[in-house]
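Student: Generate a structure from the sequence data that follows.
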Amino acid sequence: MLKRCALMAALALVVLPGVAAADFLFTPYVGRTFAKDASGHEHGTYGASIGWMGGGIAGAEIDFGFTPNFFEPKDCTTCSNLTGKNNVFDLMVNAVVGVPIGGTKGAGIRPYVVGGVGLLRQQVPGLTEALKVSSNDFGVDLGFGAMGFFSDHVGLRGDVRYFRSLQDNNTDATIPRFAIGNFDFWRWTAGLVLR
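Tutor: Got it, this is the predicted structure:
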């Protein structure tokens, strides 16, 4: 029993300083989609991420983004800007690896790579319910970026990410290219980061 208590105390001494040095991060962002299935359909995107970075280099985040009018031409004049009827929603759980240059407190910069898995939802209305395309697909994302802090609690964050659907439900070659199959696109974002 004494050995078990000593082992638990030693483990607490190792783990607790790392938890105490951890940063919880909130980042609302705006950006734009580009390339792959977004080629010729580049649109604004917005969202937020909630994350945690340990005192070292490892962390995790939940990221959600929304791109209205994803499948409309980029010069669409009749599109609803914030809630487009055809849209893409992503919800990803990511691992983050970033090196804090300048430490984890005060001013500094943290370049990082990020990747994970989650949901890619495509919504495309049709003239009838039968022509409507809506899917919830398993997907992945992978990217890189940097966080720069001006103080202990406020900074800026920017990154570039690649998203890809991993489900292929397209059994009919006549379905348009935005059909559920090899769906992928890139996204850049910039936002305020609070820790």
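Student: Helices of this structure, start to end?
Tutor: Secondary structure of the chain (DSSP state H): helices located at 2-20.
Student: The spatially most central residue of it pairs with what?
Tutor: Nearest residue to the geometric centre of the chain (Cα atoms, centre = their mean): residue 63, 4.0 Å. Residue 63 has the following beta-bridge partners by DSSP bridges: residue 49, residue 92.
Student: Could you do the one 5 residues further on as well?
Tutor: For residue 68, the beta-bridge partners are residue 87 (DSSP bridges).
Student: ok, it touching residue 87?
Tutor: Yes: if you go by Cβ atoms under 8 Å, residue 68 and residue 87 touch, sitting 4.9 Å apart. Using the backbone N, CA and C atoms, a C-beta is placed for each residue, glycine as well.
Student: picking up where we left off before, how about the residue nearest to the centre of the chain, what does it touch?
Tutor: Applying Cβ atoms under 8 Å, 6 or more residues apart in numbering to residue 63 gives the contacts 47, 48, 49, 90, 91, 92, 94, 116, 118, 141.
Student: Check residue 102 too.
Tutor: 108, 109.
Student: can you offset everything so residue one is 64?
Tutor: All set: I'll call the first residue 64, so the last point we hit is now residue 165.
Student: Look up phi and psi at it.
Tutor: Main-chain torsions, residue 165, degrees, to the nearest 10: phi 100, psi 10.
Student: if I look at the residue nearest to the centre of the chain, how far off is residue 155?
Tutor: 5 Å (Cβ to Cβ, to the nearest Å).
Student: Overlap in contacts, these two.
Tutor: 179, 181, 204.
Student: so which of the residues you listed comes closest to residue 85?
Tutor: residue 179 (18.7 Å; Cβ to Cβ).
Student: does the closest one really touch residue 153, like I thought?
Tutor: No: using Cβ under 8 Å, residue 179 is not in contact with residue 153, being 10.5 Å away.
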